[in-house]
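Enquirer: turn this into a structure:
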Amino acid sequence: MGKREKFGSRLGFILVSAGCAVGLGNVWKFPYICGENGGAAFILLYLVCLVALGLPILISEFAIGRASRHSLAKAFHDLEPANTRWHHFSWYGIIGNYLLMMFYTMIGGWMINYCFRMLIGNMAGLSTEEIGEKFNSMLNSPIEMTIFMIITVVVSFSICSLGLQNGVERITKIMMILLILLMIMLAGHSFFLPNMELGLKFYLIPDFKKMFDIGFGNVLFAAMTHAFFTLSVGMGSMEIFGSYLNKSRSLTGEGLNVLLLDTFVALMAGIIIIPSCFAYGVKPDAGPSLLFITLPTVFNHMVYGRIWGTAFFVFMSFASFSTVIAVFENILSMTMEVFGWERKKAVSINIVLIILLSLPAILGFNILSGIHPMGPGTGIMDLEDFLVSYNILPLGSLLFILFITKKNGWGWDNFLEEVNTGDGIPYPASIHVYVKYIIPAIIIIIYLKGYYDMFKGFGPKVLAFWMTVAFAFLALIFSYTTNQKR
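Expert: So this is what the prediction gives:
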């Protein structure tokens, strides 16, 4: 396998890690959630939750990676005490990364598709209904979606094939810098839109009355949930970058840098999107309709809208590519360690595998649209997203926290020694009880609430069944991590 690769610079590590965290949810979901939950009042709660919940889990992944010098495929093997079986959970992370890419590559393909459409003026002058028809036409074309998915997969794996420093780090640094510059340009343009002050007021002015009308508990839970999911923790996507990191800096400061950059992108996305929607009287919906129907309509009303629309979807493509490249690097490292492959062999095999695995999500919108795996109105992508977002991420994060705090795991003292190695902000040893008991409790609440929200509309019997499944998974994890004899 040769010597372990390392990042060429601290900036490279921060930008690549942040690139993984900066997903499409930051852009199409955060602004709307923020505005609907009290604007800046929600942002304040969100930032507190990000530091209190997201940061400790992020740092735990970095620490496990740096201490083991392996991906999640081998990290538990190296750090677990003798005669324990934490390493069995390695497969959990491997499966999670593949599951995520089974639909994320398709969505990345949508972004490239819309870059091209905006550039050639494919939607210029169309009404909202006509733009909606264009989006539906794309979903109904498995060939079109497959072509753009393959472009996403081949380009991303080609970058990874060049290695950590020459490929992943170098290209992602350029991409993230361009992404930030594009965001600043697009955000600056928002200040010159008509009625932009209404959008900024909706987004950034604290509305405590709205927050308490909704219910403080509901807003707090929304902030907690988004803070948890935004950093992509729980399946080793961050752990891998810790394994490439040297020991010159303590991990608390590095985690904070990644968190700040991820938050900056989310906040700036709101400044780009919300004033644009208010300027032209359209609802800033969350989800795909915002990106692929609402915003193209907005760009059609703008002076030089075709240019601004192209720039926006270039920015969105960079956001999706940064995540895909990061996860592909994790998949490559895992398969190289498990099977002993060289990088080029791992790339060639995984290109074919990911393309094949991405097809069900694509076909779920057309040829296989009659399959409703989670009830009426759901598709194959919904099932894949549910497995990742509602299971892999929360349960994986719970496992990381248990591993660093339990005596039959890696243990708190070993974790502290690793996380505080190097210059920078020390990790407070005094929060041991909080990390060991409170964070797992919060994760469990988020996990169970996610199941409840997902299935409450299907009736009490269906809800009871799935809540039983959720409790069974939790019981299995706690049983398995408490009784650690082989």
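
Enquirer: pull the CA atoms of stretch 87-101 into PDB?
Expert: C-alpha atoms of stretch 87-101 as PDB (Å, rounded to 0.1, in the frame of the first residue of the first chain):
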ATOM      1  CA  HIS A  87     -14.400  -3.200  14.000                       C
ATOM      2  CA  HIS A  88     -17.600  -4.900  12.900                       C
ATOM      3  CA  PHE A  89     -19.100  -1.400  12.500                       C
ATOM      4  CA  SER A  90     -16.600  -0.600   9.800                       C
ATOM      5  CA  TRP A  91     -19.000  -2.100   7.200                       C
ATOM      6  CA  TYR A  92     -21.700   0.300   8.500                       C
ATOM      7  CA  GLY A  93     -19.600   3.300   7.200                       C
ATOM      8  CA  ILE A  94     -18.600   1.600   4.000                       C
ATOM      9  CA  ILE A  95     -22.300   0.900   3.100                       C
ATOM     10  CA  GLY A  96     -23.300   4.500   4.100                       C
ATOM     11  CA  ASN A  97     -20.800   6.100   1.700                       C
ATOM     12  CA  TYR A  98     -22.000   3.900  -1.200                       C
ATOM     13  CA  LEU A  99     -25.700   4.600  -0.300                       C
ATOM     14  CA  LEU A 100     -25.200   8.300  -0.300                       C
ATOM     15  CA  MET A 101     -23.500   8.300  -3.800                       C
END
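
Enquirer: can you tell me what sits against it?
Expert: Stretch 87-101 is contacted by residues 72-77, 80, 234-237, 239, 324, 327-328, 330-331, 334, 338, 353-354, 357-358, 384, 387-388, 392-393, 395-396, 399, 480 when judged by C-beta atoms under 8 Å, 6 or more residues apart in numbering. Every residue, glycine included, has its C-beta placed from N, CA and C.

Enquirer: and the buried ones among those residues, selectable in ChimeraX?
Expert: This is how ChimeraX selects the buried members of these, with burial counted by 16 or more other C-beta atoms under 10 Å:
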select :72,73,74,75,76,80,234,235,236,237,239,324,327,328,330,331,334,354,357,358,384,387,388,392,393,395,396,399
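
Enquirer: looking at the contacts of stretch 87-101, which are in strands?
Expert: Secondary structure from DSSP state E places none of these in strands.

Enquirer: now, the contacts of stretch 87-101 that are in helices?
Expert: Among the contacts of stretch 87-101, DSSP state H puts 72-77, 239, 324, 327-328, 330-331, 334, 338, 353-354, 357-358, 384, 387, 393, 395-396, 399, 480 in helices.

Enquirer: in this structure, where is pLDDT below threshold?
Expert: 1-3, 285-287, 483-486 (pLDDT under 70).

Enquirer: how about the secondary structure of the spatially most central residue of it?
Expert: Centrality entry for the chain: nearest residue to the mean C-alpha point is Ser232, 4.1 Å, by C-alpha atoms, centre = their mean. The three-state assignment at Ser232 reads coil, by DSSP: H, G, I helix; E, B strand; the rest coil.

Enquirer: quick check: closest non-adjacent residue to it.
Expert: Closest residue to Ser232 apart from its sequence neighbours, by C-beta to C-beta, 6 or more residues apart in numbering: Ala21 at 5.1 Å.

Enquirer: kindly report the same for Arg117.
Expert: Met123 (5.9 Å).

Enquirer: then the one you found would be within a helix, right?
Expert: No. Met123: not assigned to a helix; according to three-state DSSP it is coil.

Enquirer: isn't it right next to Phe135, touching?
Expert: No. Using C-beta atoms under 8 Å, Met123 makes no contact with Phe135, being 9.5 Å away.

Enquirer: of the two, which one has the most company?
Expert: Comparing Met123 with Phe135 by other C-beta atoms under 10 Å, the one with more neighbours is Met123, at 22 against 19.

Enquirer: distance check, the more buried one against Arg306.
Expert: Using C-beta to C-beta, to the nearest Å, Met123 is found at 9 Å from Arg306.

Enquirer: check Ser156 too.
Expert: Ser156 sits 27 Å away from Arg306, going by C-beta to C-beta.

Enquirer: list phi and psi for the residue nearest to Arg117.
Expert: phi -120, psi 10 (degrees, to the nearest 10).

Enquirer: in contact with it, which residues?
Expert: With contact set as C-beta under 8 Å, 6+ apart, Met123 has these partners: 117, 130-131, 134, 296, 300, 309.

Enquirer: 10 Å instead?
Expert: When contacts are counted by C-beta atoms under 10 Å, 6 or more residues apart in numbering, Met123 touches 114, 117, 130-131, 134-135, 292-293, 296-297, 299-300, 305-306, 309.

Enquirer: would you list the buried entries among those?
Expert: Among those, those classed as buried by 16+ other C-beta under 10 Å are 114, 117, 131, 134-135, 292-293, 296-297, 299-300, 305-306, 309.

Enquirer: which ones among those map onto helices?
Expert: 114, 117, 131, 134-135, 296-297, 299-300, 305-306, 309.
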